[in-house]
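Trainee: okay, here's the prediction I keep looking at, along with the sequence it came from:
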Amino acid sequence: MAAPVPIIHIPVLPIVHIMMQTNAVEPLAVVPMAIGFFSVIVPDTMILCQDANNNNGQRIKSMIFKRIVIIVFLLSLQVGFYHAPVNAQTELSTILAGASIGDMMITSGSGNLVYEYTRVDSLSARAQQKDQEHIAGTAPEVKTVIRNSEKINISFSFSGMKVRCDESSYNRLPTGTSFSLDWQWAYNGEKVDILQYDGVGENGLIIPRGSIRADYAPRINRFDPKYNGLTILGTSVDKFLSGTFAGNTVENLKAIRQETLDTVNCVVVSGNVINTGDTITAWLAPGIMFRPKRIEYRSGDELTIVYNHFKEYSGGVWFPETISKELFYQDSKGQWVCYTKEKISVLKDFTINIDLPASLFEVQFPIGLWVYDYRFGEKVEIK
């Protein structure tokens, strides 16, 4: 007979008592809190007992962690922040508490995306300057082709820090030559595997290239829905609210007003990035796990605006459905001119908080391909 599964006791009553003593929760809110607690705990206790017979320890640990997070989130829904209007005096510590929980709610995901890029102001002097800067930063042996639009179909998966990103697109060069682009990226937390089918070689053949790098590939961030939709331009919401952005300190950070975007109530938080003169403002939605509905980041004469639309998944968690990013520059007349537009569309097949195999985050290179390993500065033949 299998050993009984130990019951994990969550100290709900002490937590409720403390919250009530500090006026953080209304007395009547204990009822929905209890309902939410037992609706989560009771079914899972039965599942855990069944799993004990299969000795599936890893699944039990994963389930326990996820359920604890959900329970904590249910408790947080009762915090006074949800029962009172958001205003300029709202304490950042209250917002931070909710955002910290929201940052933990999404652990993994997998599905298909569509990434679209459009360069709106391609003929301006500013655009030509940017082109020259891009070409100057490219290796001499790499042929650079500037495109004014791009549409890429992407298969995207993530689990914690691990990421898998497969790109597929059809392209036309200025010469009229057409070719497909198929890239595979896989980051397992320690290295990045890259397999590329894109260069039009001799006799019109597509030449495969493979490489392994130690560093995370920044290109993946362009397509990553969690990087672009769940964070503040790559910085987690709780770190931003704690006064950090992209490794820099944010000062004068405060909630300045309440605003409604697409019927979603948001608290607007703004601050200055120290020693840069940059300003960043985020519209955080308490009802959507304190995720950013809108972000404005001004740096010198450039302005980046991100706008997110979210979809609710089972369990009351939210994930981006569309992410729109626009880059503006300020012309000589002081007018803001849109320079580029990007959009990430998360398709209906996308699922979140699922188990993904470790093998997904390794690229299967073709047998016989020579892969350059940048970690050791050598070529390795795949056998």
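Mentor: Nice, thanks for sending it over.
Trainee: which helix or strand contains the spatially most central residue of the chain?
Mentor: Nearest to the geometric centre of the chain sits K226, at 1.4 Å (C-alpha atoms, centre = their mean). Using DSSP states H and E, K226 sits in helix 225-229.
Trainee: so what's the gap between that helix and the chain middle?
Mentor: Chain-centre distance of helix 225-229: 3 Å, with C-alpha atoms, centre = their mean, to the nearest Å.
Trainee: hmm, who's touching that helix?
Mentor: Helix 225-229 is contacted by residues 106, 109, 113, 156, 158, 221, 234, 291-292, 306, 308, 310, 319-320, 323, 325, 344, 346 when judged by C-beta atoms under 8 Å, 6 or more residues apart in numbering. Where you see a C-beta, it was placed from the backbone N, CA and C, and this is true even at glycine.
Trainee: among those residues, name the ones in helices.
Mentor: Judged by DSSP state H, helices contain none of the contacts of helix 225-229.
Trainee: give me the pLDDT for L360.
Mentor: Note for L360: predicted pLDDT of 97.
Trainee: do the same with Q335
Mentor: Per-residue pLDDT puts Q335 at 89.
Trainee: and if you look at the one 5 residues further on?
Mentor: pLDDT, the model's per-residue confidence, is 92 for T340.
Trainee: please apply the same query to G57.
Mentor: So, for G57, pLDDT stands at 56.
Trainee: equivalent analysis for Q330, please.
Mentor: pLDDT for Q330: 89.
Trainee: what does I18 give?
Mentor: pLDDT, I18: 30.
Trainee: quick one, phi/psi of L360?
Mentor: Reported as degrees, to the nearest 10, the phi and psi values for L360 are phi -60, psi -30.
Trainee: what's the closest non-adjacent residue to it?
Mentor: Leaving out its chain neighbours, the residue that sits closest to L360 by C-beta to C-beta, 6 or more residues apart in numbering is R164, at 5.3 Å.
Trainee: helix, strand or coil: sort out the one you found for me.
Mentor: Counting by DSSP: H, G, I helix; E, B strand; the rest coil, the backbone at R164 sits in strand.
Trainee: for it, give the beta-bridge partners.
Mentor: For R164, the beta-bridge partners are S157, A186 (DSSP bridges).
Trainee: look up how far L253 lies from it.
Mentor: As judged by C-beta to C-beta, to the nearest Å, R164 and L253 stand 35 Å apart.
Trainee: looking at the two, which is more packed in?
Mentor: Counted by other C-beta atoms under 10 Å, R164 and L253 do not tie: R164 has more neighbours, with 22 against 19.
Trainee: straight-line length of stretch 257-275, end to end?
Mentor: 25 Å (C-alpha to C-alpha, to the nearest Å).
Trainee: hang on, the earlier thing: any of the contacts of helix 225-229 buried? List them.
Mentor: 106, 109, 113, 156, 158, 291-292, 306, 308, 310, 319-320, 323, 325, 344, 346 (16 or more other C-beta atoms under 10 Å).
Trainee: which one of the residues you listed is nearest R298?
Mentor: Closest approach to R298 among the buried ones among the contacts of helix 225-229 (C-beta to C-beta): V306, at 12.7 Å.
Trainee: and that closest one, how close does it get to L327?
Mentor: The gap separating V306 from L327 is 10 Å, by C-beta to C-beta.
Trainee: repeat for G102
Mentor: For G102, the distance to L327 - C-beta to C-beta - is 27 Å.
Trainee: so which of the two has more stuff around it?
Mentor: Between G102 and L327, G102 has the larger neighbour count (other C-beta under 10 Å), namely 24 against 19.
Trainee: spit out the contact partners of the residue lying closest to that one once chain neighbours are set aside.
Mentor: With C-beta to C-beta, 6+ apart as the criterion, G102 has its nearest non-adjacent residue at 3.3 Å, and that residue is M289. Going by C-beta under 8 Å, 6+ apart, M289 touches F73, G98, A99, I101, G102, M105, V317, W318.
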